[in-house]
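Participant: after the sequence you'll find the predicted model.
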Number of protein chains: 2
Amino acid sequence: MQKVFNFNAGPAMLPEAVLLKAQEDMLNWRHTGMSMMEIGHRTDVFQQLVQQIEQNLRELMGVPTHYHVLFLAGGATLQFSMVPINLFTSQKKADYMETGLWSSKAIKEASKFGNVNIVAQAKKEDDLWTIPAPTEWQLSHDADYFHYTPNETITGLAFNHVPILKNIPLVADMTSMILSEPVNVNDFGLIYASAQKNLGQAGITLVIIREDLVKLPLSITPTLLEYATHVTAQSLYNTPPTYSWYILGLVLDWMKEMGGVTAIHSKNCRNAERLYDALDRSQGFYRSSIHPAYRSKMNVSFDLPNDDLLKLFLHESHASGLCCLKGHRAAGGVRASIYNAMPEEGVEKLVLFMDYFMQRFG
Amino acid sequence: MQKVFNFNAGPAMLPEAVLLKAQEDMLNWRHTGMSMMEIGHRTDVFQQLVQQIEQNLRELMGVPTHYHVLFLAGGATLQFSMVPINLFTSQKKADYMETGLWSSKAIKEASKFGNVNIVAQAKKEDDLWTIPAPTEWQLSHDADYFHYTPNETITGLAFNHVPILKNIPLVADMTSMILSEPVNVNDFGLIYASAQKNLGQAGITLVIIREDLVKLPLSITPTLLEYATHVTAQSLYNTPPTYSWYILGLVLDWMKEMGGVTAIHSKNCRNAERLYDALDRSQGFYRSSIHPAYRSKMNVSFDLPNDDLLKLFLHESHASGLCCLKGHRAAGGVRASIYNAMPEEGVEKLVLFMDYFMQRFG
C-alpha cells in the first residue's frame, strides 16, 4: 500500500513513530502484561506516566512553575464555557477578538454567561482577509480577560504577533498551533488546546493556567467545570481519558527526539513556505483569500478556478496518497493542514501534484 | 511472559480479541492507509462506523426507537451534573437512593442544582450491608426523577431488582454493570455508563435517554452539558473522542460474537458464583461484608483476617499473574472486578490461588 499523507484538520496525522510504539505496546505496556488501556488511573505506573508527560510538556513549552498544567476531557469546546464561568469576576465582562468560526463559537458561548465586547473582527481588504492592527481595537481596558484564537483552523487566518495587554489576562485557544512555534507562556493567563491536531488523538485537552486565575467560579457550577477541581486533583478528579493521555505523551517524546519546538517550528516554516510559494507562483490558479501577513503555518487554504476542477483536484490528490484535502464544510475549497506531524516529504509531494495539476488545467 | 488476568475496577480488562484487532488496525484502518486515530470525525468512514456502533448497541440492549443513544465525553461524573441540570423541572426535586460512594457523589452534585430527597440508604444488618426493601423507601411521589446506582463498584453492593415507580423517570448509573445482564430499557427514563468497565476504554460515556426527557434545561447551561445539543448533533457537536468510540465498537463486535448479553450474563453468573462459593466455604477466612441477597456480580470484595495476610495475598496474587486485586482506597481489602471481559479461566485461577493461600495461612 502506498504511503498516505493525511492533510486532515483534526483528528489529524500522527507521527509514524508514535503509531508504531502504540502498536508495539498494545498488548503489553511497560512489562505489565496488559494494554495501556487496561491500566488503572490510580496505579503507580500511571502516576509515573502522567508526571513524565507534565514534565516533558513543561520543558518543551517552557511553562513556569506558577502555572498549572491540566489535562481535561471535553475538547476545546468545553473550554469555551469553562473560561467565562471561571474567569469572570462579578462584572462579567470580557474582550474577544473575532477572527473566524472558532472565535465566533467562543464568543457565542461566553455571551451566555456575561458581557462580551468584540474588540475587532477579521475583515477583507482588497479581497483578502486581514486581522485589524491593535491600533484599531476597541479594548474595554477593565475586562476580566481578553480571548483570542491565534490560528483559525477553517480559513487559515493567523495572528502574526501576540497581543500585548496591560494587566488583563490573555486567554488563547491554541488548539491548532500549540507546540508548533515557540511561545512565551508568561505572556498568557490561560492557554488551552484540544489534542487532535498537534498533541495526539481526540479526547483530551491541555489547559495551562496561571495560578492566580484559579479561583471559585461566581455561581453554581458543575464540579467538573471548575478549574479548581482539576488543580486540586491534579487532573485526576474522575477517571481521565487515559489512553489519549498516553498518546499525547508519545507525541511529546517524539517532539523531544525531533529537537523540540524550535526544530519543529523550522520544519513547519519550510513546509508552509513551500506551499505558499506554490500558490503565489500559480498566478491565480490556486487562490488564497488570506492576506500574506496573516497566513497560517498550520492550515493552508486555497480555491481553484471552478467547482469541476476542485472536485477533480480532490479526487486525484486522494488517489495519489494525498488525503483529506477537502476544505471545511463552512468554507469549501482546499485546505492542507500541515501540523507538526506532517513531514517535508508530504508537502513536497503535494506541491509536485499541484504543479502537475496546474500544468494540465491551468 | 505469563498471561495476566486484570481484576482492576476500571480502566479494566479488555477482551484480547479487541486488543489484537486494535493492534492490527493501528497503522492502516479499513484500508485507509491511516490509523483510526487520524480519521476525521466528519468523514464518511467515521459516520459509517458510528452508525454501525449505535445499531449494534441498540440490538444488544434492545433499545426502543423512542430512546436516543448518545456517546459523550466527560465520564459518568459529568452525568452527575447533566442529569439534574437537564431533568429538573421548575420545582427542582429529585429522589436518590444512597447505596455507596458513587451514589453519594451523584447526590452531592445534584444537591448543587436543586432539592435531593434521599429515599433510602444502604445499611448494615448483622454486620452485612443491605439495601432497604422498597416498602421502607421514603419516596416523594412527585420527584422530577428517581436516581439509583444498580451496582456500587467500590463495595460490590448491588440491587437485585429494578425499582418500579409510577410515572417518575428512572435514572440509572449503569457504569459498572452495563451490558453485563439483560435489562428492559423501557423501565428507564435515562441510563448512563462510562466505558472503562464493560464498554471499552476510558474517555467516552454512553447515554440512553427517552425522547420526551430531552428538553431545554432550566437555566443558563454550558452548551455541551445540554442533552439537546448532543441529540441534535448526533453526538458530533464537537470533535468526539473518536478512538474511544472505535474501541467501544470493537467491544460490541466481540459481544455479538460471544452470543450477546444473555450468553455473557451466563458466563458472568458462573464467574460470580464460583468466587462467592470460595468465600462461603472459607469459613470466615475470606470475609465479605455484603449480604448474599445484594452481592454484585461485577465487583466481589472481601477482607482477610489481618493486614499482613492482606498484603501477602496482594503480593502473591500479583506474582501469579492475578493483577490489581487491591480494594478501592476508600474501602481497603481485596476487590476482584469481573466484568464482561473476564474469562472463566481468570476466575478459576483466582479461586485456585485463594484456596491454596487459605490452606497455607487459614
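Facilitator: That came through fine. The model shown is predicted, which means the values in this text are computed figures rather than measured ones.

Participant: list the contacts of residue A:120.
Facilitator: Residue A:120 sits next to A:97-98, A:131-132, A:136-138 when contact means Cβ atoms under 8 Å, 6 or more residues apart in numbering or on different chains. Just so you know, the C-beta spots here come from the backbone N, C-alpha and C atoms, and that holds for glycine as well.

Participant: can you rerun that using 7 Å?
Facilitator: A:97, A:132, A:136-138 (Cβ atoms under 7 Å, 6 or more residues apart in numbering or on different chains).

Participant: which one of the residues you listed sits closest to chain B?
Facilitator: residue A:97 (20.5 Å; Cβ to the nearest Cβ).

Participant: what's the neighbour count on the residue lying closest to the closest one once chain neighbours are set aside?
Facilitator: For residue A:97, ignoring the flanking residues on the chain, the nearest one in space by Cβ to Cβ, 6 or more residues apart in numbering or on different chains is residue A:148 at 4.1 Å. If you count neighbours by other Cβ atoms under 10 Å in any protein chain shown, residue A:148 ends up with 21.

Participant: and the one 10 residues further on, by the same measure?
Facilitator: One way to gauge burial is a neighbour count; for residue A:158, by other Cβ under 10 Å, it gives 24.

Participant: next up, the contacts around the nearest residue to it once chain neighbours are set aside.
Facilitator: Among residues not flanking residue A:158 along the chain, residue A:296 sits closest, at 4.0 Å (Cβ to Cβ, 6+ apart). Neighbour list for residue A:296: A:151, A:156-158 [criterion: Cβ under 7 Å, 6+ apart].

Participant: which one of those is nearest to residue A:54?
Facilitator: residue A:151 (24.2 Å; Cβ to Cβ).

Participant: tell me where the stretch 151-300 of chain A has strands.
Facilitator: For the stretch 151-300 of chain A, the strands defined by DSSP state E, counting those that start in this stretch occupy A:151-152, A:157-158, A:170-173, A:190-194, A:205-210, A:299-302.

Participant: packing partners of the longest helix anywhere in chain A?
Facilitator: Using DSSP state H to define each element, chain A has its longest helix at helix A:260-280. Contact partners of helix A:260-280 among helices and strands, from 3 or more Cβ pairs under 7 Å, 6 or more residues apart in numbering or on different chains; DSSP states H and E: strand A:299-302, helix A:344-361.

Participant: next, the closest residue in space to residue A:279 that isn't next to it in sequence: phi, psi?
Facilitator: In space, residue A:279 comes closest to residue A:286 once its chain neighbours are excluded; the distance is 4.7 Å by Cβ to Cβ, 6+ apart. Note on residue A:286: its backbone torsions stand at phi -100, psi 120 [degrees, to the nearest 10].

Participant: coming back round to it: which of the helices and strands packed on helix A:260-280 sits closest to chain B?
Facilitator: From those, taking Cβ to the nearest Cβ, the stretch that ends up closest is helix A:344-361, at 12.5 Å.

Participant: looking at the closest one now, give me its mean pLDDT.
Facilitator: Per-residue pLDDT over helix A:344-361 has a mean of 97.

Participant: list phi and psi for the residue nearest to residue A:158.
Facilitator: Torsion angles, degrees, to the nearest 10, at residue A:296: phi -70, psi 140.

Participant: secondary structure element for residue A:63?
Facilitator: Residue A:63 is part of no helix or strand, with elements assigned from DSSP states H and E.

Participant: tell me the contacts of it?
Facilitator: So residue A:63 contacts A:57, A:69, A:185, A:208 (Cβ under 7 Å, 6+ apart).

Participant: flag the shaky bits of chain A, pLDDT-wise.
Facilitator: With pLDDT under 70 as the threshold, chain A has low-confidence stretches at A:1.
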